[in-house]
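> Give me coordinates for this.
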Amino acid sequence: MELRQLEIFRAIAEELHFGRAAQRLFLAQASVSQQLQRLEADVGVRLVYRSSRTVRLTPAGKVFLTEAERVLSAADRAVDRARQVAAGRHGALRIATNYPASRLLLLPLLEDLRAQDPDLSTMLREMGSPDQLRALRRGDLDLALVYGPVDAPGVSSTQLLDVPVVAIVRPGHPFAGRERLRFEELLGYPAMTGYEGGSLVIEDAMVAAAAAHGTRLPRTPSSTDLSGYLLELETSDAIGFCSLPRAEQNRANGMRVLRLDPVEPILPIHVAWSDAVDEPLVNSVVAQLVRLAETVRKAA
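This is a model prediction of the structure:
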């Protein structure tokens, strides 16, 4: 049994599709299938059920995945520690974040950490919340700044901030001169609550807030990726939605930002960490994030 086989098995388990797993690993699909067969031969049981239409883990495969993730995480940590020592560094922190958390919390956190320990290495990524939680459970991250609520086995979290959802439109949009927009006014225009592959958290917040005030908003995510979604907003009368920090970036690019009435949908930002890891550094940084969030709330 080889680590590469475990990595291939993990990709299959997450994608539940041999073609996508192969693409993610930059391998031929036939190679992925062969490596899985060798792994199953070594283990002595079937780990993945596959047919012409379905790929799913067997009960044995689900148990094996948990243990395989622990082995891969331990191997990754061993490599990271060795590289840190070789580079003269004695600590590293792997953090992923969403956009509003990076603007409001991560930047001041990094300033504090560098002042406290100049030798501390930080590895940062911007990722969607579902991807962050999967990486956290695999042991690929130490901390995740995600949209809540967090409901993932083996993961703890605490809420830090709430950020509002706002509308964005192009400069020539009929609503471009407005400052506020009511839910019922959205029904007359294409309203895009997300893009393909993105999180559903903004859509969920929009639909729930509108329903609480008597407006039934259809769920209308864009069928394009992020770049196509932005292009559609810039060239049509569609209305898009995002967090207020992201909207400020869009405003700098010429888009118009409108607050929503009679109440703004809210996105809760949480910090999450794995229950399997008890690192003093992680615990300390969580406490720092809680203090920073309180400062941000008071300033607002």
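> Helix or strand: which one has the residue nearest to residue 150 when sequence neighbours are not counted?
Counting by Cβ to Cβ, 6 or more residues apart in numbering, residue 150 lies nearest to residue 157, which is 3.9 Å off, once chain neighbours are set aside. Just so you know, the C-beta spots here come from the backbone N, C-alpha and C atoms, and that holds for glycine as well. Here residue 157, judged by DSSP states H and E, is contained in strand 155-169.
> list the helices and strands the following helix or strand past that strand packs on?
As assigned by DSSP H and E, the chain's next helix or strand after strand 155-169 is strand 180-182. If you count contacts as 3 or more Cβ pairs under 8 Å, 6 or more residues apart in numbering; DSSP states H and E, strand 180-182 packs onto strand 256-261.
> all helices for the stretch 1-150 of the chain, in order.
In the stretch 1-150 of the chain, the helices defined using DSSP state H, counting those that start in this stretch lie at 3-15, 18-25, 29-43, 59-86, 99-101, 107-116, 129-138.
> Would you agree the residue nearest to residue 150 is in contact with residue 274?
No. The criterion here is Cβ atoms under 8 Å, and residue 157 misses it with residue 274 at 10.6 Å.
> More neighbours: which of the two?
Set side by side, residue 157 and residue 274 show more neighbours around residue 274, with 24 against 20, by other Cβ atoms under 10 Å.
> Report the separation between the more buried one and residue 133.
Distance, residue 274 to residue 133, by Cβ to Cβ, to the nearest Å: 10 Å.
> again, but for residue 67
For residue 67 relative to residue 133 (Cβ to Cβ), the value is 19 Å.
> the more surrounded of these two?
residue 133 (24 against 10).
> Return the residue spatially closest to the more buried one, with its sequence-adjacent residues excluded.
Using Cβ to Cβ, 6+ apart, the closest residue to residue 133 is residue 152 (4.7 Å).
> Over to residue 25?
In space, residue 25 is closest to residue 11, 5.5 Å off (Cβ to Cβ, 6+ apart).
> quick one, what contacts residue 181?
Residue 181 sits next to 167, 175, 239, 258, 259, 260, 261 when contact means Cβ atoms under 8 Å, 6 or more residues apart in numbering.
> If we use 10 Å, what do you get?
Contacts for residue 181 (Cβ atoms under 10 Å, 6 or more residues apart in numbering) come out as 166, 167, 169, 175, 189, 239, 258, 259, 260, 261.
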